[in-house]
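**Student:** give the three-dimensional model of this entry:
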Amino acid sequence: MEEVNKVFNMFPFLWFLPGNHKTVFNNLEELYSFIQQTFIKHLKQLDPNDQRSFIDTFLIRQQEEISNPNSHFKNENLQSLVSNLFRAGMETTSTTLRWGLLLMMKYPAIQKKVQEIERVIGSAQLRYEHRTQMPYTDTVIHEIQRFANILPMSLAHETIEDVRFNGYVIPKVSF
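**Tutor:** A predicted model of the protein is given here:
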């Protein structure tokens, strides 16, 4: 909510303008409330020997540096980091899914091969370890993200193996 307050402190007249910005700010407030509740839940169940998430790791480091006045492990930073990860991940995931559905309709043969997900996972909970058991699906997801240009002005990428050239790959800006 601090980001919203900064905007209104700089431009107080914005609040009186009609439009959807009030809905956006209310949604942001709800997101920050959810994140705060998540922190409290993680703090109650915190086990230094079983770090289940980024939040757990941050909170443990915060406790280790509690006597350091210059520590960056503050609640405000954690809230900002988690909200940034949440928003960025949500946009990337939804865009990848949207393009994936379109491309699967266009290429049914690839869609059939991607159904290896059913064979590997079935009705079990999806885990990161399943990724190595589904190389075709993993490749298709990466190809969707390359083809669809999910992050147009993303960071430059470097190949880990010599493919045809040595150097950096600059993602295309648009089609």
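
**Student:** other residues contacting stretch 62-78?
**Tutor:** The contact list for stretch 62-78 (CB atoms under 8 Å, 6 or more residues apart in numbering) reads 2, 39, 55, 58-59, 61. (C-beta placed from N, C-alpha, C; glycine too.)

**Student:** now do the longest helix seen in the chain: distance to the chain's middle.
**Tutor:** Counting by DSSP state H, the longest helix found in the chain is helix 75-106. On the basis of CA atoms, centre = their mean, to the nearest Å, helix 75-106 sits 5 Å off its chain's mean C-alpha point.

**Student:** can you name the element that comes right after it?
**Tutor:** Tracing the chain C-terminally past helix 75-106 and defining elements by DSSP states H and E, one meets helix 108-114 next.

**Student:** got the CA coordinates for that following helix in CSV?
**Tutor:** Presented in CSV, the C-alpha positions along helix 108-114 are these (Å, rounded to 0.1, in the frame of the first residue of the first chain):
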residue,chain,number,x,y,z
PRO,A,108,-2.5,-30.7,-32.7
ALA,A,109,0.4,-33.1,-33.3
ILE,A,110,2.5,-31.1,-30.7
GLN,A,111,-0.6,-31.0,-28.4
LYS,A,112,-0.7,-34.8,-28.5
LYS,A,113,2.9,-35.1,-27.6
VAL,A,114,2.6,-32.6,-24.7
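
**Student:** show me what it is packed against.
**Tutor:** helix 75-106, helix 135-148 (3 or more CB pairs under 8 Å, 6 or more residues apart in numbering; DSSP states H and E).

**Student:** and it, what's buried?
**Tutor:** Neighbour-count burial for helix 108-114 flags Val114 (criterion: 16 or more other CB atoms under 10 Å).

**Student:** tell me the domain boundaries of the protein?
**Tutor:** Domains of the chain are assigned by automatic domain parsing as 1-102, 107-175.
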